[in-house]
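K.L.:
Show me the folded form of this:
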Amino acid sequence: MSHFVEGLHDVFARFGAVTTRRMFGGHGVFHEGLMFALVADDVLYLKADDASVDAFHRLGLGPFVYDKAGKTMAMSYYLAPEGILDDPEEARAWAVLAFEAALRAKKPPLDAKAKERG
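P.N.:
A predicted model of the protein is given here:
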């Protein structure tokens with residue numbers, strides 16, 4: 001694990017406990033079992049959705065992209081603002097925004113869907 005990834009525990013300390021896990025050649029960053037950030041090549045990206053993506057766009061921050069079968073694919077994780085690595089309150093605010101996007105994206109358990117159908 002890189003020093004960058006190890007340091008994220010301190011970066012997000014005011015937000016709460018985070019765990020990291022290797023995945024897809026990078027690392028996922030989790031809080032309460034939900035992935036709210038990813039790290040690729042020691043670059044931090046935060047989860048975004050329709051409700052939060054404008055905050056990233058206003059700062060000119062783009063999505064994480066990768067190539068798949070010759071096509072460029074964009075994920076719903078956006079480059080984190082530089083300042084959050086050095087500012088605990090800024091890190092907490094952006095982590096909350098990303099975690100809320102992860103909560104909204106969370107699919108309900110299958111049996112909850114079945115109960116809704118009756």
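K.L.:
got the contact list for the lengthiest strand in the chain?
P.N.:
Using DSSP state E, we find that the single longest strand of the chain is strand 71-79. Residues from elsewhere that reach strand 71-79 (CB atoms under 8 Å, 6 or more residues apart in numbering): 37-38, 43-49, 53, 56, 61-67, 101, 105. (Each C-beta comes from the backbone N, C-alpha and C, glycine too.)
K.L.:
Could you check how far that strand is from the centre of its chain?
P.N.:
12 Å (CA atoms, centre = their mean, to the nearest Å).
K.L.:
Name the residues that touch whichever helix or strand comes after that strand?
P.N.:
Toward the C-terminus, strand 71-79 is succeeded by helix 88-105 as the next helix or strand (DSSP states H and E). Contacting residues not belonging to helix 88-105 are listed as 11-16, 31-32, 34-37, 46-49, 51-52, 55, 76, 80-81, 83-85 [CB under 8 Å, 6+ apart].
K.L.:
same question, stretch 11-24
P.N.:
1, 5, 8-9, 27-32, 38-40, 84-85, 88-89, 91-92, 95-96, 99.
K.L.:
State the mean pLDDT of stretch 53-73.
P.N.:
Across stretch 53-73, pLDDT averages out at 95.
K.L.:
Show me which positions of it end up buried.
P.N.:
Buried residues in stretch 53-73, defined by neighbour count with 16 or more other CB atoms under 10 Å: 55-56, 61, 64.
K.L.:
next one: stretch 97-111
P.N.:
97-99, 101-102.
K.L.:
Serialize those residues to a markdown table and add fields for pLDDT and distance to Thr72.
P.N.:
What follows is the buried residues of stretch 97-111, written out as a markdown table (pLDDT from 0 to 100; distance: CB to CB, whole Å):
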| residue | pLDDT | distance to Thr72 |
| --- | --- | --- |
| Leu97 | 98 | 25 |
| Ala98 | 98 | 23 |
| Phe99 | 98 | 27 |
| Ala101 | 98 | 22 |
| Ala102 | 97 | 24 |
